[in-house]
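> Predicted structure and sequence below. I'll ask about it afterward.
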Amino acid sequence: MRMLHTMLRVGNLDESLKFYCDVLGMKLLRRKDYPSGEFTLAFVGYGDEADHTVLELTYNWGKSSYDLGNAYGHIALGVEDIYAACETIKSQGGKVTREPGPMKHGSTVIAFVEDPDGYKVELIQLSAHSSASEHKEPATQAI
């Protein structure tokens with residue numbers, strides 16, 4: 001067995017595709033309309049579905065928002081330079097809800113961003129080449 005995909009219901013498929021493809025760098029792998037069911041499925045990811053877990057974005061025609069509830073946690077993505085990734089995401093209009101830094105009660109460097117529907121996406125620093133010590137906040141002058 002292996003995990004194939006995770007499905008998220010989205011309120012605006014074009015906005016969601018822009019976020020996941022343009023901002024987070026995923027590729028649109030396939031997209032299909034189902035007129036008799038009044039929904040569209042779009043699969044995005046970082047590699048072919050044959051050997052990568054992907055994300056299924058489900059757009060139910062005419063439904064623009066969902067109650068996310070309190071059971072959903074987040075999707076996690078590994079990144080090589082979390083600080084640069086967050087800056088790129090912000091420069092492309094993405095919403096960083098937790099700036100990069102060590103996780104509470106640990107040392108792993110993480111950040112959180114939010115997609116257009118409010119789903120949380122955790123970014124996790126994969127390599128040591130961009131550690132928190134290299135990205136200290138500049139000193140502020142007293143006035």
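Perfect, I can see it now.
> On the three-state scheme, the residue nearest the centre of the chain is what?
Nearest to the mean C-alpha position of the chain, by Cα atoms, centre = their mean, lies V121 at 4.1 Å. Following DSSP: H, G, I helix; E, B strand; the rest coil, V121 is assigned to strand.
> Isn't it up against L77?
Yes: with contact defined as Cβ atoms under 8 Å, V121 counts as touching L77 (6.3 Å). Any C-beta I mention is one placed from the backbone N, CA and C, and that applies to glycine too.
> quick one: common contacting residues for the two?
L24 (Cβ atoms under 8 Å, 6 or more residues apart in numbering).
> next helix or strand past the longest helix along the chain?
What stands out as the longest helix in the chain, according to DSSP state H, is helix 82-91. Under the assignment DSSP states H and E, the closest C-terminal helix or strand after helix 82-91 is strand 95-102.
> tell me the mean pLDDT over that next one?
Averaging pLDDT along strand 95-102 yields 98.
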